[in-house]
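S.K.: how would this look folded up:
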Amino acid sequence: MRNVTIVHVAEKARVSVKTVSRVVNNEPTVTPQLRERVQAAIDQLGYAPNIAARRLGGSRSFLIVAFNDRRLTLENWRSDRGNNWIDRMQYGAMLRCDVHGYHLLCELIDLESDQLARRVQHVLSSLRPDGVILTPPNCEDPTVLEALKRAQVPFVRMGSAAAGPGARVRMDDHAAARQLTEHLVGLGHHRIGFVTGSARFLASRAREDGYRQALAAAGLPVDETLLVPGDFTFEGGVSAAEALLSRPDRPTAILAGNDETALAVMHVARRLDIAIPNALSLATFDDTPSVRLSLPPLTTVRQPVAEMAAQAVDLLVAAAAKDGKLSRADHLLPFELALRASTAPPP
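M.R.: Purely as a prediction, here's the structure:
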């Protein structure tokens, strides 16, 4: 037994190493007869190409890098809460990379570091990826975007509604919040609290705008005291829920910025003996397993995170095959409103 290399395949098929690489990469510049001969040698020898061998046939690295937010990711890991959003992103991107014969590598970057530009440049120069997936809030950071433009690396911004460079793959956060609020209004709620998301994420602003628009369309005033800032964490959700639920004119429904915030609202409501949904309706965003298994299960918006990540990979792989040319198209994926037992008419 021996480790079969691309050289062995080339010798077996009586072709150059570059020709074998072109066949492995499915390049169109190989004749059918030659392709068949090389493939037969690959099958006979049991050859499995590595990235270095594949690069011999062209400039592609067959590597896609995802930049994730260091602060929030590490906070969730250290607290053992996990990162469901990141998990779903990796699930969608990794499986799609596998289909294309690509590899996915995730990097954490600190947007508050004074070495941010240097860090991004180091990753790009050392790995030479064919493309980059930017997750929130990295997808809206001007330093990150400028570093990628300067390096001429194609990138896709996931979850960003902001105009700018690169392609975008997202859901409509404004419409999602509007529909959730309309659902609560339709049940008869007039006092609807909103624990907003972190100001670091533009989606938080879009969701607040959707909430405001739904209330205005229903002819309901926006009570600014019912909008309490959150930060997408359980601790922030507890503080916001205490502020909303301890007041004598508390809201009959609360819209939470994400599932972790919603779970915090549930904990505070239970401590204050406020039953969900009999005395308080609760709706949220994300649809993580925790809110599907909670008692009661929560009404929520399911974000198509895995689907967005898969499409981001498709766009980057297609761009790599076209000399890195990536359109600035805005790809909008549908969200799903899951109506569950946490919302009901007000008492």
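
S.K.: what about dumping the CA coordinates of stretch 318-332 to CSV?
M.R.: Output of stretch 318-332 as CSV, limited to C-alpha atoms (Å, rounded to 0.1, in the frame of the first residue of the first chain):
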residue,chain,number,x,y,z
ALA,A,318,-19.8,30.5,-9.3
ALA,A,319,-17.7,33.6,-9.0
ALA,A,320,-14.5,31.6,-8.6
ALA,A,321,-15.2,29.8,-11.8
LYS,A,322,-15.6,33.2,-13.6
ASP,A,323,-12.3,34.7,-12.5
GLY,A,324,-13.8,36.1,-9.2
LYS,A,325,-16.5,38.2,-10.8
LEU,A,326,-19.4,38.5,-8.4
SER,A,327,-22.5,40.5,-9.0
ARG,A,328,-23.9,42.9,-6.4
ALA,A,329,-27.3,41.3,-6.5
ASP,A,330,-29.6,41.3,-3.5
HIS,A,331,-30.9,37.8,-2.8
LEU,A,332,-34.0,37.8,-0.6
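
S.K.: I'd like the average pLDDT over that stretch.
M.R.: Mean pLDDT, computed over stretch 318-332, is 84.

S.K.: cool, and stretch 189-198?
M.R.: Stretch 189-198 comes out at a mean pLDDT of 96.

S.K.: What about Gly210? Give its phi and psi, please.
M.R.: Dihedral pair for Gly210: phi -60, psi -40, per degrees, to the nearest 10.

S.K.: Over to Asp330?
M.R.: Per degrees, to the nearest 10, the backbone of Asp330 is at phi -110, psi 110.

S.K.: In this structure Tyr211 contacts Leu255, no?
M.R.: Yes. Counting by C-beta atoms under 8 Å, Tyr211 does reach Leu255; the two are 6.2 Å apart. The way it works is simple: take the backbone N, C-alpha and C, and place the C-beta from them, glycine included.

S.K.: Give the intersection of the neighbour lists for these two.
M.R.: Contact criterion C-beta atoms under 8 Å, 6 or more residues apart in numbering; residues shared by Tyr211 and Leu255: 177, 180-181, 192, 194.

S.K.: and the residues you listed, which are buried?
M.R.: Neighbour counting with 16 or more other C-beta atoms under 10 Å marks 177, 180-181, 192, 194 as buried within those.

S.K.: So which of those residues is the closest to Glu336?
M.R.: Comparing those against Glu336 with C-beta to C-beta places Leu180 closest, at 11.7 Å.

S.K.: which SS class is that closest one?
M.R.: What DSSP: H, G, I helix; E, B strand; the rest coil gives for Leu180 is helix.

S.K.: Test for you: state the pLDDT assigned to the residue nearest to it when sequence neighbours are not counted.
M.R.: Excluding the flanking residues, the one nearest Leu180 by C-beta to C-beta, 6 or more residues apart in numbering is Ala283, at 4.9 Å. Model confidence at Ala283, given as pLDDT, is 98.

S.K.: do Pro49 as well
M.R.: 68.

S.K.: name the helices or strands packed onto the helix or strand in which the residue nearest to Leu180 is found?
M.R.: Using DSSP states H and E, Ala283 maps to strand 281-286. With contacts taken as 3 or more C-beta pairs under 8 Å, 6 or more residues apart in numbering; DSSP states H and E, strand 281-286 sits against helix 173-186, strand 253-256, helix 259-271, strand 299-302.

S.K.: Need the ones you listed in JSON lines (columns: mean pLDDT and distance to Ala216).
M.R.: Formatted as JSON lines, the helices and strands packed on strand 281-286 follow (pLDDT from 0 to 100; distance: least, C-beta to C-beta, whole Å):
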{"stretch": "helix 173-186", "mean pLDDT": "98", "distance to Ala216": "10"}
{"stretch": "strand 253-256", "mean pLDDT": "98", "distance to Ala216": "15"}
{"stretch": "helix 259-271", "mean pLDDT": "97", "distance to Ala216": "24"}
{"stretch": "strand 299-302", "mean pLDDT": "97", "distance to Ala216": "20"}
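
S.K.: can you give me the strands in the stretch 101-250 of the chain?
M.R.: Using DSSP state E, counting those that start in this stretch, the strands of the stretch 101-250 of the chain run over 103-109, 131-134, 155-158, 167-170, 192-195, 227-228.

S.K.: Look up how far Tyr211 lies from Asp223.
M.R.: Here Asp223 is placed at a distance of 12 Å from Tyr211 (C-beta to C-beta, to the nearest Å).

S.K.: what about the two, which has more around it?
M.R.: Tyr211 (24 against 15; other C-beta atoms under 10 Å).

S.K.: OK, contacts around the more buried one?
M.R.: So Tyr211 contacts 177-178, 180-181, 192, 194, 255 (C-beta under 8 Å, 6+ apart).

S.K.: Including distance to Ala319, could those go into JSON lines?
M.R.: Shown next, in JSON lines, are the contacts of Tyr211 (distance: C-beta to C-beta, whole Å):
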{"residue": "Ala177", "distance to Ala319": "32"}
{"residue": "Arg178", "distance to Ala319": "33"}
{"residue": "Leu180", "distance to Ala319": "35"}
{"residue": "Thr181", "distance to Ala319": "38"}
{"residue": "Ile192", "distance to Ala319": "43"}
{"residue": "Phe194", "distance to Ala319": "39"}
{"residue": "Leu255", "distance to Ala319": "38"}
